[in-house]
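> Next input, structure requested:
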Amino acid sequence: MQTPLKTALATLLLTAALFAQQETGLWRATSQTAKSITGDIGLSKDKLTINFLAFTMVRVRDLEKAEAPAAFDTETNPNGAGSLYRLRVPAATRLLHKNTLCGTEDTEWMALYATQHSLQIAFFSGQKPPVFTQDAISNSSDLCGTYTYSR
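Numbers count the residues shown, from 1 in each chain. Below you'll find the predicted structure:
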């Protein structure tokens, strides 16, 4: 006989597994920013691939439902889920058209918001994790850019 705690834990694990599958795979650049800087990307459980360059990433936490609208357009895709990742893309890394993700700063953080067919990414510099409120994001000097992908 299952207890309510076991049922809740099983549901939580299943939800996390489904979301992880939702964001992994190949994504086609759809925003002008993504087309001109990263091109198409690939995501696995622990790697981000941009222009044949692979960067190790570590999932830090899920974004709360109230945090996602600060960085992403969640009105068009309200049923998505977000995550914050730690990674390091050196400032010297050149992507498409000799562009970089964060100018002269290393890229330290990546936030994702994924739905079944859409992915939005925000890249951040800085040692401290980004704060996901409208005020903090709009005044952040660490937000490097946002990108949109689809499949």
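
> for Glu64, helix, strand, or coil?
Three-state assignment for Glu64 (DSSP: H, G, I helix; E, B strand; the rest coil): coil.

> ok, now which ones touch it?
Listed by CB atoms under 8 Å, 6 or more residues apart in numbering, the contact set of Glu64 reads Phe132. Placement of C-beta: from N, CA and C, glycine included.

> now swap in Leu112 and tell me
With contacts defined as CB under 8 Å, 6+ apart, Leu112 is in contact with Glu23, Leu43, Gly82, Ser83, Tyr85, Leu119, Gln120, Ile121.

> Ok, Asp46 next?
Taking CB under 8 Å, 6+ apart, we find Asp46 in contact with Thr56, Met57, Val58.

> Quick one, which of those residues are buried?
Restricting the contacts of Asp46 to buried positions leaves Met57, with burial counted as 16 or more other CB atoms under 10 Å.

> quick one: which of the contacts of Asp46 is nearest Arg28?
Using CB to CB, Met57 is the member of the contacts of Asp46 that sits closest to Arg28, with 19.8 Å.

> ok, Leu87 - contacts?
Leu87 makes contacts with Leu48, Phe55, Thr56, Met57, Val58, Thr107, Glu108, Trp109, Met110, as judged by CB under 8 Å, 6+ apart.
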